[in-house]
Every structure is written in structure tokens, then in C-alpha cells.
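Novice: Sharing a sequence plus its predicted fold:
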Amino acid sequence: MTRLGPLRSRSPDPVALDAHAADNLRFIRETMERAGSFTAVPGWGGVAMGITALGAALVARRQATPEVWIGTWLGEALLAFGIAGWAMVRKSRAAKMPLLSGPGRKFALSFSPPLLVGALLTLVLYRRGLASVLPGTWLLLYGTGIVTGGAFSVKIVPVMGLGFMLAGAMALFSPAAWGNAFLAAGFGGLHILFGILIARRHGG
């Protein structure tokens, strides 16, 4: 009689290896996505920016001269950028990711030019007596900066930028008296809305 060797049961190793490989691929994919996106865009910081913008809108609407009105909103802009900077530093430290390396640097370089253009146009339009078009100009250029910078961030950021651009376009073609309301809706309402969404989906 031919001697039969011991029967071998099927090894579960291929299944385990497949599962392990899938986990590794998932980890690599998520790591590359994080490395390619600037995720330090502030969520709750954006909410705080929106709240201060609503306060600025209430103060600005009571001003009798264009100079004081513009000064109110420029003061709000400085305050908002201070809040945004603090929130981004805090969020990047919590995530243990450098703020200005890779995607963060690309975000800053793409976001800054429209803001610089906005600062220049503010001076030119004021000197030409065209302060009434400043709300639309500010919203449009700020939204442009968010869209271009958002190309290096999570998907919701450029969507927020499009919202600002839409508000700016509407303000430019609306009565001048509505300008302050558009600023409140944009810098106030949109910051609060998208700040909450960003905080819930991507952390504070």
C-alpha cells in the first residue's frame, strides 16, 4: 500500500496577508491625503471670526462717515486675521504638523495675493470716492483667496470661497445701502456656517 502523508488543512495566512496589505494601503493613502492637504484651516476659529464680524457690522452701520465705516471694517479684518492665525497655530500643534511646510506654505502663497490686491483697491476706490463698491470687492477677493488657497486644503474650503465670491458678486450689483448687510452675511454668516462644518468634519 502507498503510504499517505498527513492531510494539510488550508492555511489562513493568505487571508491574513490580504487584510494586512489592505490596512497598509489604507494607511498609506490616508497619510498621502493628509500630506497633500492643508488641514489647519480653523473651524471654531472661523466661528469666532464670524461673531466678531457681526459685531463689526452693527458698529459700522451706525457710522456717519465713510472713513469711520471703513476704519471699523479694517479693524475687524485685523482682529479676524489675529483670531485665524492663533486658531491655525493651535490646530497645527494639536495635529503635530508644521504650519508652513508643504501644503501650508502653498495655501499661504495662494491665499495672500488676492488679499494684497484687496488692500490696494481699498485705497484706490476710497480716494476715487467709490467706497460703495468696497463690500463687493472685499467679499469677492477674499473668496478668491479662499478658493485658490483651498486647492491645497480639504474640499469644503474652496466651497466656502465660492460662497464668498457669490456674495461679493451680488453685493456689486445690489444697491449701495445693502453693502453692510452683505458684509454681515458674508464675513459673519458664512464664517459661522462653514466654521461649524469644518470643526465637525476636520476638527477645531
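Specialist: Yes, it's here.
Novice: mind listing what's buried in stretch 140-153?
Specialist: Residues 140-150, 152-153 are the ones in stretch 140-153 that count as buried (16 or more other Cβ atoms under 10 Å). C-beta coordinates here come from the backbone N, C-alpha and C atoms, glycine included.
Novice: same deal with stretch 185-201?
Specialist: Buried-residue list, stretch 185-201, by 16+ other Cβ under 10 Å: 185-192, 194-195, 198-199.
Novice: Mind picking the two most distant members of the buried residues of stretch 140-153?
Specialist: Across those, the longest distance by Cβ to Cβ is 20.7 Å; it joins L140 and F152.
Novice: any idea how far A176 is from the nearest residue to F173 once chain neighbours are set aside?
Specialist: Spatial nearest neighbour of F173, excluding adjacent residues (Cβ to Cβ, 6 or more residues apart in numbering): G136 at 7.9 Å. Using Cβ to Cβ, to the nearest Å, one gets 10 Å for the distance from G136 to A176.
Novice: Where does pLDDT dip in this structure?
Specialist: Applying pLDDT under 70 to the chain flags residues 1-40, 95, 98-101, 103, 204.
Novice: so what's the residue most central in space within the chain up against?
Specialist: Closest to where the C-alpha atoms of the chain average out (Cα atoms, centre = their mean) is V157, at 4.5 Å. By Cβ atoms under 8 Å, 6 or more residues apart in numbering, the contact list for V157 reads 41, 146, 149-150, 198.
Novice: And the helix or strand containing R105, what's buried?
Specialist: Here R105, judged by DSSP states H and E, is contained in helix 103-127. Using 16+ other Cβ under 10 Å as the test for burial, helix 103-127 gives 103-104, 106-107, 110-111, 114-115, 118, 121-122, 125.
Novice: got the CA coordinates for the helix or strand where the residue nearest to the centre of the chain lies in PDB?
Specialist: Here V157 is covered by helix 156-172, with elements defined by DSSP H and E. Only the C-alpha atoms of helix 156-172 are listed here, as PDB (Å, rounded to 0.1, in the frame of the first residue of the first chain):
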ATOM      1  CA  ILE A 156     -15.100  72.200   2.000                       C
ATOM      2  CA  VAL A 157     -12.700  75.200   2.000                       C
ATOM      3  CA  PRO A 158     -13.000  76.100  -1.800                       C
ATOM      4  CA  VAL A 159     -16.700  75.600  -1.500                       C
ATOM      5  CA  MET A 160     -16.700  78.300   1.300                       C
ATOM      6  CA  GLY A 161     -14.700  80.500  -1.000                       C
ATOM      7  CA  LEU A 162     -17.300  80.200  -3.800                       C
ATOM      8  CA  GLY A 163     -19.900  81.300  -1.200                       C
ATOM      9  CA  PHE A 164     -17.900  84.500  -0.500                       C
ATOM     10  CA  MET A 165     -17.400  85.100  -4.200                       C
ATOM     11  CA  LEU A 166     -21.200  84.700  -4.900                       C
ATOM     12  CA  ALA A 167     -21.900  87.100  -2.000                       C
ATOM     13  CA  GLY A 168     -19.400  89.600  -3.400                       C
ATOM     14  CA  ALA A 169     -20.900  89.400  -6.900                       C
ATOM     15  CA  MET A 170     -24.400  90.000  -5.600                       C
ATOM     16  CA  ALA A 171     -23.200  93.000  -3.500                       C
ATOM     17  CA  LEU A 172     -21.600  94.600  -6.500                       C
END
